[in-house]
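Student: Here is my input, please return the structure:
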Amino acid sequence: MLPHLDLIQIIKTFGYFGLFFMVFAESGLFFGFFLPGDSLLFTAGFLASQGFFNIHLLIPLLIVAAIGGDNAGFWTGTKLGGWLLKQKESFFFQKKNLVRAQKFFAKHGGKALVLARFIPAVRTFVPIAAGIGKMEYRHFFFFNVLGGILWAFGMTIAGFFLGSLIPNVDRYLLPIVALIILASVIPGIVHLLKERAEGTEGETSEEN
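Tutor: Numbering: from 1, shown residues only. You can find the predicted model right below:
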């Protein structure tokens, strides 16, 4: 995760274009899983409340980036899924993330595209898993748009309103973003613990 001050500086340096690319990449490009999506959106919303961005331009831009990223991930899974599964592990591609996303998608179906938006790493690979699973595009697109709006709008507007309502909120921004990062990681940890528990139960059943 990028340090908070570095994140603010990066957002200010690269502006709208940088935000669009980072949200697009984390939403569906397999090498974008490490980007700080939740804190990125929240911080962008906060900077908009301080006049650095136009919120009326920022939110639609981020929604389009989120939806477009998932579409790119779906295409990657459809066209290159078999090739990806054969690749060696690296920092930019960890097969376990894709396998975890496939299980998550198999369990939740289309809803996974909405739920995964709020789980780091998983949100990057679920659209790829949907493509590998040959999900009907019409259904994929519906859940993609729904999840993209809820995530990009919700996180960005939260940062904007908090920055607008709380006096001197910049003093508290670091702990607030830290809480957001923690809250975004918790669902992934819970999901991982459930997977391990289910795996243990399965092994026990086979032994019996």
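Student: From here on, just use CA atoms for contacts and neighbour counts.
Tutor: OK.
Student: All the helices of the chain, in order from the start?
Tutor: Secondary structure of the chain by DSSP state H: the helices cover 4-28, 37-49, 55-85, 95-108, 112-115, 122-132, 137-165, 173-207.
Student: Could you tell me the least trusted of the ones you listed?
Tutor: Between the helices of the chain, the one with the least mean pLDDT is helix 173-207; it has a mean of 60.
Student: Identify the residues contacting the nearest residue to Ala116 once chain neighbours are set aside.
Tutor: Of all residues not flanking Ala116 in the chain, Arg123 sits nearest, at 4.5 Å (Cα to Cα, 6 or more residues apart in numbering). Going by Cα atoms under 8 Å, 6 or more residues apart in numbering, Arg123 touches 26-28, 33, 113, 116-117.
Student: and Leu84, what does it touch?
Tutor: Applying Cα under 8 Å, 6+ apart, no residues contact Leu84.
Student: Would you mind measuring from it to Ala44?
Tutor: As judged by Cα to Cα, to the nearest Å, Leu84 and Ala44 stand 32 Å apart.
Student: One more: Phe161?
Tutor: 12 Å.
Student: Compare those two and say which is more crowded by neighbours.
Tutor: Taking other Cα atoms under 10 Å, Phe161 and Ala44 do not tie; Ala44 has more neighbours (30 against 14).
Student: For that one, which non-adjacent residue is closest in space?
Tutor: Excluding its sequence neighbours, the residue lying closest to Ala44 (Cα to Cα, 6+ apart) is Thr156, at 6.5 Å.
Student: Quick check, the one you found in contact with Leu41.
Tutor: Yes: Thr156 lies in contact with Leu41 (Cα atoms under 8 Å); the separation is 4.9 Å.
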